[in-house]
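> Make a model of this:
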Amino acid sequence: MDAWLDGIDSECMAQVSLFVTLTELVATYGEDATVRFAEKLPQRIASGEFTLRRSKQ
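Take a look at the predicted model:
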């Protein structure tokens, strides 16, 4: 949150967050398990699992 308040671009923060997350997954579960997890991401993204639905009032 501090980085965002300091004016760091949200796209940059997203890239860093993904890198850190994948690094932690590899450190915890190993490369093979992380690859299996990552292989499912395109389908999950396409199905809207990560889309924030905002209702318009």
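> could you say what helices and strands the helix or strand harbouring residue 20 packs with?
Here residue 20 sits within helix 10-29, counting by DSSP states H and E. The contact analysis (3 or more Cβ pairs under 8 Å, 6 or more residues apart in numbering; DSSP states H and E) places helix 10-29 against helix 2-5, helix 31-39. Any C-beta I mention is one placed from the backbone N, CA and C, and that applies to glycine too.
> So which bits of it are buried?
residue 25 (16 or more other Cβ atoms under 10 Å).
> Alpha carbons of it, in PDB - could you do that?
Provided in PDB are the C-alpha atoms of helix 10-29 (Å, rounded to 0.1, in the frame of the first residue of the first chain):
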ATOM      1  CA  SER A  10      -0.100  -0.300 -10.300                       C
ATOM      2  CA  GLU A  11       1.000  -2.400 -13.300                       C
ATOM      3  CA  CYS A  12       4.500  -2.400 -11.900                       C
ATOM      4  CA  MET A  13       3.200  -3.500  -8.500                       C
ATOM      5  CA  ALA A  14       1.200  -6.300 -10.100                       C
ATOM      6  CA  GLN A  15       4.300  -7.600 -11.900                       C
ATOM      7  CA  VAL A  16       6.300  -7.600  -8.700                       C
ATOM      8  CA  SER A  17       3.500  -9.300  -6.800                       C
ATOM      9  CA  LEU A  18       3.300 -12.000  -9.400                       C
ATOM     10  CA  PHE A  19       7.100 -12.500  -9.300                       C
ATOM     11  CA  VAL A  20       7.100 -12.800  -5.500                       C
ATOM     12  CA  THR A  21       4.100 -15.100  -5.500                       C
ATOM     13  CA  LEU A  22       5.600 -17.500  -8.000                       C
ATOM     14  CA  THR A  23       9.000 -17.400  -6.200                       C
ATOM     15  CA  GLU A  24       7.300 -18.300  -3.000                       C
ATOM     16  CA  LEU A  25       5.300 -21.100  -4.600                       C
ATOM     17  CA  VAL A  26       8.500 -22.600  -6.100                       C
ATOM     18  CA  ALA A  27      10.300 -22.300  -2.800                       C
ATOM     19  CA  THR A  28       7.400 -24.000  -1.000                       C
ATOM     20  CA  TYR A  29       6.200 -26.600  -3.400                       C
END
